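K.L.:
After the sequence you'll find the predicted model.
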Amino acid sequence: DAGVTQSPTHLIKTRGQQVTLRCSPKSGHDTVSWYQQALGQGPQFIFQYYEEEERQRGNFPDRFSGHQFPNYSSELNVNALLLGDSALYLCASSLARGLDYGYTFGSGTRLTVV
Amino acid sequence: DQQVKQNSPSLSVQEGRISILNCDYTNSMFDYFLWYKKYPAEGPTFLISISSIKDKNEDGRFTVFLNKSAKHLSLHIVPSQPGDSAVYFCAASEGYSSASKIIFGSGTRLSIRP
């Protein structure tokens, strides 16, 4: 039973570029949430997708956008990259019927902006 | 504004003894609390949770205590084992559904020494 899969695992981009990160949720899950974890910090909520729509959003600028596909997989896009966007980006999936077992997280994509 | 605070960045405990990790929150609307454990190069994994209608939840060696009046929760691990060495995140949400965004603390690095 595959868990949450994220790609790529590592990425280096130049300031001003755009990046797309991908996430495949755990089998049976239909909701995807994205988090940014800066060094030494806890994960910060970016947004959540359900039924191909953004359902909730955290305190992140419009440079951060996302998409969910009919198969529940999701993408996170970041435009006009800043050095401060360097972080571990975590995808978490869940089933839209309860938090009994919390989210299932992927191992993340380490983004470095130079 | 940090709604979930873990004021101890690190904790070292001898194997076999009790580990106590603390967490404070400021948002009185939080009604569901979770603990996640994270190993290097892996995503956070769900450990244990508690709803605001309870003050204690136990699962094997792990017990979470909630003091709503003090807006404080703690995770007790007894006895501590070497495999417990990891970063522990306290998290909270408003509501029990997966539509509720989970807010994380900054984490406590637990080291179990022999």
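P.N.:
Here it is on my side, so go on.

K.L.:
buried residues in stretch A:38-47?
P.N.:
With burial defined by 16 or more other CB atoms under 10 Å in any protein chain shown, the residues of stretch A:38-47 counted as buried are A:Gly42, A:Pro43, A:Gln44, A:Phe45, A:Ile46, A:Phe47. Where C-beta positions appear, they are placed from N, C-alpha and C, glycine not excepted.

K.L.:
need the contact list for the first one.
P.N.:
In this case it means A:Gly42. In this structure, A:Gly42 makes contact with B:Val4, B:Gln6, B:Phe89, B:Ala91, B:Phe104, B:Gly105, B:Ser106, B:Gly107, judged by CB atoms under 8 Å, 6 or more residues apart in numbering or on different chains.

K.L.:
Check these one by one and keep those near chain A.
P.N.:
B:Val4, B:Gln6, B:Phe89, B:Ala91, B:Phe104, B:Gly105, B:Ser106, B:Gly107 (CB under 8 Å from any CB of the partner chain).

K.L.:
Any chance of TSV for the buried residues of stretch A:38-47, columns pLDDT and secondary structure?
P.N.:
Shown next, in TSV, are these (pLDDT from 0 to 100; DSSP: H, G, I helix; E, B strand; the rest coil):
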residue	pLDDT	secondary structure
A:Gly42	93	coil
A:Pro43	95	coil
A:Gln44	96	strand
A:Phe45	95	strand
A:Ile46	97	strand
A:Phe47	96	strand
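
K.L.:
follow-up on the earlier one: tell me the one of the ones next to chain A among the contacts of A:Gly42 nearest A:Leu21?
P.N.:
Distances from A:Leu21 to the ones next to chain A among the contacts of A:Gly42, taken as CB to CB, are shortest for B:Phe104 (18.9 Å).

K.L.:
Quick one: residues contacting the closest one.
P.N.:
Residues near B:Phe104 by CB under 8 Å, 6+ apart: A:Tyr35, A:Gly42, A:Pro43, A:Gln44, B:Val4, B:Tyr36, B:Phe89, B:Cys90, B:Ala91.

K.L.:
got the residues you listed as CSV, with distance to B:Arg17 columns?
P.N.:
Output for the contacts of B:Phe104, formatted as CSV (distance: CB to CB, whole Å):
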residue, distance to B:Arg17
A:Tyr35, 32
A:Gly42, 26
A:Pro43, 29
A:Gln44, 33
B:Val4, 26
B:Tyr36, 22
B:Phe89, 22
B:Cys90, 21
B:Ala91, 25
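
K.L.:
and which of these is nearest A:Phe69?
P.N.:
A:Tyr35 (19.5 Å).

K.L.:
Looks like that closest one contacts A:Tyr103 (just checking).
P.N.:
No: taking contacts as CB atoms under 8 Å, A:Tyr35 lies outside contact range of A:Tyr103: 9.1 Å.

K.L.:
any residues in contact with both of these two?
P.N.:
By CB under 8 Å, 6+ apart, the residues touching both A:Tyr35 and A:Tyr103 are A:Ala92.

K.L.:
which bits of chain B sit near chain A?
P.N.:
B:4, B:6, B:9, B:32, B:34, B:36, B:41-46, B:49, B:89, B:91, B:93, B:96-107.

K.L.:
Fine by me, thanks again.
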